[in-house]
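*Asks:* sequence first, then the predicted structure:
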Amino acid sequence: MSSWVPGAAGSGYDVDHLPFGVFSVGDDNPRVGVRIGGYVLDLAPLGSLQLIDGAQVFRARTLNPFLAAGPVAWRETRDWLTSLLSVPGHRDAVEPFLLPLHDVRLVLPIVVGDYVDFYCSEHHASNVGAILRPDGTWLPEAWRHLPIGYHGRSGTVVVSGSDVRRPCGQRRGDERPEFGPTQRLDLEAEVGFVVGVPSGRGDRVPTNAFGDHVFGVTLLNDWSARDIQAWEYVPLGPFAGKSFGTSIAAWITPLDALAQARTRLPGQYPAPPAYLGVEEPAGYDIGLEVWVNDTLVATPPYASTYWSPAQMLAHLTANGASLRAGDLFASGTVSGPRADERGSLLELSWGGTQPITLGDGTQRTFLEDGDVVTLTATAPGALGGSIRLAEVIGQVQPALPPT
Ligand code: MN
């Protein structure tokens, strides 16, 4: 049953979605809200009024206390909200707590604990290999045996709408290395996963416990400076080429909203080791869109991704590394098999050799100052239509002077 909230039906934010975020109005303290259509439902006063157990978590400035409450609380809250927002008899009680989105300020919804970025798309990894190592082996030796990842910088994860300043860094030069603004600023279209329930140090989170720990999903733009990255990354992986900023959405989509989006993985050969075994369907059918300014430049299909999120989490914790509420791990760039499904400009311009043309007639190999990058996505919802994952938008600001 659709929501009685005007405009919610068909918006991608009906009762089959209900993503969580943190908002403030004027000088108010930030607090937890849920999105329905073009509105935010103010959960703290509504929860108190209705004597909801644990409603104090909605007064927090971040989602972390709610995330830590665990799957039973997540499900009870979702059932409560679904009833409130779909049964017309609740309208009079609920309507006073609906705020138009344009009247609120959305802030970073989680205190990000640790941030890990993986490299799970075979098409992306193969493309990057072909571009950077045309005479070598495209996929690293370990690639089919474990989801390769690196630890990123959680302190520079920012909410959608935040600007990203072009970073300065060191890159290969003609005579000697040069330091200055990156000349190869790129986007990476990714799907991020937000951990709710912690795990202990020394414990493992098996693939079948994924839903006991992970609350939900956000789109993620892993801004990347390719020239800095190319010079620094051997042998320890990305450092300053990626740590300057990572954008996530203002709304976290619960895993429960993606139940209809579950889909089989494309196939894993050789079969992964036992600790990475999964029950199908282990993938998610999420269709991404990558926009540069007003031009749709790619439509990466997350369903084409080789390693599933449950496998990322199992591998991340296989050595006993512990989890905290607010930990964030991401898929790595999502690229599909087709040329128009590539989730980075590195691939879309094939290493900067084949510029793409935007709607205004200008060309791009990499991002220019002033460019606006927007990621959006849809997935099948429980009402027969689609849910719309919240956008991730960011504008490139000019570099500071290098000295
Ligand atoms: Mn990445």
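*Replies:* Yep, that arrived.
*Asks:* what's the local residue count around the residue in the chain positioned nearest to the ion?
*Replies:* Residue of the chain nearest the ion, by CB to the ion: D222 (3.4 Å). All C-beta atoms are positioned from the backbone trio N, CA, C, and that covers glycine. The number of residues packed near D222 is 26, by other CB atoms under 10 Å.
*Asks:* kindly report the same for R35.
*Replies:* Neighbour tally, R35, other CB under 10 Å: 24.
*Asks:* isn't it up against F23?
*Replies:* No: R35 is beyond contact range of F23, at 9.4 Å (criterion: CB atoms under 8 Å).
*Asks:* just the mean pLDDT for stretch 324-339, thanks.
*Replies:* The average pLDDT within stretch 324-339 is 98.
*Asks:* quick one: it to chain centroid distance?
*Replies:* With CA atoms, centre = their mean, to the nearest Å as the basis, stretch 324-339 stands 7 Å off its chain's centre.
*Asks:* and for the residue of the chain closest to the ion, nearest residue in space, chain neighbours not counted?
*Replies:* E188 (3.9 Å; CB to CB, 6 or more residues apart in numbering).
*Asks:* got the contact list for the one you found?
*Replies:* E188 sits next to 221-224, 332-333, 343-344 when contact means CB atoms under 8 Å, 6 or more residues apart in numbering.
*Asks:* can you do 7 Å?
*Replies:* Taking CB atoms under 7 Å, 6 or more residues apart in numbering, we find E188 in contact with 221-222, 224, 333, 343-344.
*Asks:* likewise H124?
*Replies:* By CB under 7 Å, 6+ apart, the contact set of H124 is 332-335, 343, 347.
*Asks:* from these, which land in strands?
*Replies:* Using DSSP state E, no member of the contacts of H124 sits in strands.
*Asks:* which ChimeraX command selects the buried ones in these?
*Replies:* Command for ChimeraX that selects the buried part of the contacts of H124, burial taken from 16 or more other CB atoms under 10 Å:
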select :332,333,334,335,343,347
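*Asks:* which ones, among the contacts of H124, also lie beside the ion?
*Replies:* When the contacts of H124 are checked against the ion using CB under 5 Å from the ion, the ones in range are G332.
*Asks:* mind putting the contacts of H124 in JSON lines, distance to P266 included?
*Replies:* What follows is the contacts of H124, written out as JSON lines (distance: CB to CB, whole Å):
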{"residue": "G332", "distance to P266": "15"}
{"residue": "T333", "distance to P266": "16"}
{"residue": "V334", "distance to P266": "12"}
{"residue": "S335", "distance to P266": "12"}
{"residue": "G343", "distance to P266": "16"}
{"residue": "E347", "distance to P266": "18"}
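*Asks:* near the ion, which residues of the stretch 101-250 of the chain?
*Replies:* When proximity is defined by CB under 5 Å from the ion, the stretch 101-250 of the chain lies next to the ion at 117, 188, 222.
*Asks:* same thing but 8 Å
*Replies:* Contact residues, the stretch 101-250 of the chain versus the ion (CB under 8 Å from the ion): 117-119, 188, 190, 222, 224, 238, 242.
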